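K.L.:
build me a model:
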Amino acid sequence: MNVNKPASAHTLKSDLNRVDAHRPKADDYAELPELTDDMLASGIVKRGGRPIATNPRRQVTIRLPETVLAAWKATGPGWQTRMAELLSKRVA
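P.N.:
Now for the predicted structure:
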C-alpha cells in the first residue's frame, strides 16, 4: 500500500453481521430438486483463462548490446515476438 494514499473508503453496502448470523436450515433446501445422473451428465465445464499454448514460452535472461536492443525496439510494438520468430526460423 502506498503510504501517501489514504485507504479506500468503499463499502459493500451490506449488513455483514446479519449475513454472518444467518444459519441455513433443512427446510431452506426443500424446494430444490434432487440432482439426477442425467442432470450431472448434461453439465458443461468451462475453463476460464487463456488457452494452453502448444509451444509455451520460457523467460530467460540474455545480455545484448545496447545498439542491437535499441534497433529492435525502434521497430515498434511486438519487437519481442518478431525477435522470437526470427530466432525460431534460424534454429529450424
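
K.L.:
what about the residue nearest the centre of the chain, which SS state?
P.N.:
Central residue of the chain (Cα atoms, centre = their mean): G49, 5.5 Å from the mean position. Recorded secondary structure, G49: coil (DSSP: H, G, I helix; E, B strand; the rest coil).

K.L.:
contacting residues around it?
P.N.:
If you count contacts by Cβ atoms under 8 Å, 6 or more residues apart in numbering, G49 has none. All C-beta atoms are positioned from the backbone trio N, CA, C, and that covers glycine.

K.L.:
and it, backbone torsions?
P.N.:
Per-residue torsions, G49: phi 90, psi -170 (degrees, to the nearest 10).

K.L.:
which residue ranges form the helices in this structure?
P.N.:
16-21, 37-41, 66-73, 79-91 (DSSP state H).

K.L.:
just the C-alphas of the longest one, formatted as PDB.
P.N.:
Listed next in PDB are the C-alpha coordinates belonging to helix 79-91 (Å, rounded to 0.1, in the frame of the first residue of the first chain):
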ATOM      1  CA  TRP A  79       9.500  -6.400 -31.300                       C
ATOM      2  CA  GLN A  80      10.000  -9.300 -28.900                       C
ATOM      3  CA  THR A  81       7.600 -11.500 -30.900                       C
ATOM      4  CA  ARG A  82       9.400 -10.600 -34.100                       C
ATOM      5  CA  MET A  83      12.800 -11.400 -32.500                       C
ATOM      6  CA  ALA A  84      11.500 -14.800 -31.300                       C
ATOM      7  CA  GLU A  85      10.100 -15.600 -34.800                       C
ATOM      8  CA  LEU A  86      13.500 -14.700 -36.400                       C
ATOM      9  CA  LEU A  87      15.300 -16.900 -33.800                       C
ATOM     10  CA  SER A  88      12.900 -19.800 -34.400                       C
ATOM     11  CA  LYS A  89      13.500 -19.600 -38.100                       C
ATOM     12  CA  ARG A  90      17.200 -19.600 -37.600                       C
ATOM     13  CA  VAL A  91      17.000 -22.800 -35.400                       C
END
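
K.L.:
quick check: angle from it to helix 66-73?
P.N.:
Put simply, helix 79-91 runs at 110 degrees to helix 66-73, going by axes from the mean of the first three to the mean of the last three Cα atoms, to 10 degrees.
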